[in-house]
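# How does the following fold in three dimensions:
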Amino acid sequence: IYRRIARKIPSLDFKLKQAGLPDTPEEYVKKTSMTALFLTLALLAIIYLFIPKATIILLFPILFGIAFVYFLNYVDLKIKKADTFINQEIVFAGRFLIIQLESGVPMYKAFMHIAKNYEHVGKAFGSIVEKVDLGTAMEDALSEIIDQTPSENLRRMLWQILNSIKTGSDVTESLNIVIEQIIREQQIAVNQYARKLNPLAMF
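Take a look at the predicted model:
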């Protein structure tokens, strides 16, 4: 049953990797089902004292379905949370990487420094370093992490690094362009939020 449900959600495996969860889709569906079941039974035990027994039978599938969908979406919440944390560091980490590379630090060591100095962005670069240490080529390691990262901004930055390695172009120029684009987008987002907030504050 769990396998069939997991197959009906083809994006679940990809989302679990982005969220950094070690479960397979089948394992995640199983955990979600059990959590939803326990919550449903707990709620029914509480409301048992206030409603007729026949109603309990009708409420069980409804409450279980709501709880299951709610907990199943936990992976989306974790991805969004990770994206938010990464976006808070992406500009500083990007500039740090540019300074390192312009100072002549090898890319591998620059990745190690980012992994040590930035908690959230550093996880992606730390994973790249681990893969390279295990014998994976830098290009392949970058490609794997690009697919797994939950942040579109970090994906763009890593893609520019990968593209520069493949073409032999100056990676710092590409990174500068990406970082400036991210800064402009963040400024636009802040201004849009301020426009929405002002009328609400006045009200």
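# Select the helix or strand of this structure having the lowest average pLDDT value.
The weakest-scoring helix or strand in the chain, judged by mean pLDDT, DSSP states H and E, is helix 171-202 (a mean of 80).
# Low-confidence regions, this structure specifically.
Per-residue confidence for the chain (pLDDT under 70) gives these ranges: 54, 193-194, 197-198, 200-203.
# which residues of this protein fall in strands?
Ranges of strands within the chain: none, based on DSSP state E.
# Am I right that Ile56 is in contact with Ala45?
No. Using CB atoms under 8 Å, Ile56 is not in contact with Ala45, being 9.5 Å away. The way it works is simple: take the backbone N, C-alpha and C, and place the C-beta from them, glycine included.
# Who has more neighbours out of these two?
Ile56 (14 against 10; other CB atoms under 10 Å).
# Tell me which residues of the least confident helix or strand of the chain come out buried.
Residues of helix 171-202 classed as buried by neighbour count (16 or more other CB atoms under 10 Å): 171, 174-176, 178-179, 182.
# Look up how far Phe60 lies from Ile128.
Going from Ile128 to Phe60 by CB to CB, to the nearest Å gives 47 Å.
# Same check on Ile114?
Ile114 sits 50 Å away from Phe60, going by CB to CB.
# the more surrounded of those two?
Higher neighbour count among Ile114 and Phe60: Ile114, with 24 against 15, using other CB under 10 Å.
# ok, that one - contacts?
Residues near Ile114 by CB atoms under 8 Å, 6 or more residues apart in numbering: 93, 96-97, 121-122, 125.
# mind running it again at 6 Å?
93, 122, 125 (CB atoms under 6 Å, 6 or more residues apart in numbering).
# buried set for stretch 36-53?
For stretch 36-53, by 16+ other CB under 10 Å, it's 36, 39-40, 43-44.
# Take the residues you listed and keep only those in helices.
Of those, the ones assigned to helices by DSSP state H are 36, 39-40, 43-44.
# Which one of these is nearest to Asn87?
Ala36 (31.1 Å; CB to CB).
# ok so, going back, of all the ones in helices among the buried residues of stretch 36-53, which comes closest to Pro52?
Nearest to Pro52 among those, with distances taken as CB to CB, is Leu44, at 12.5 Å.
# Nice, that's everything, thank you.
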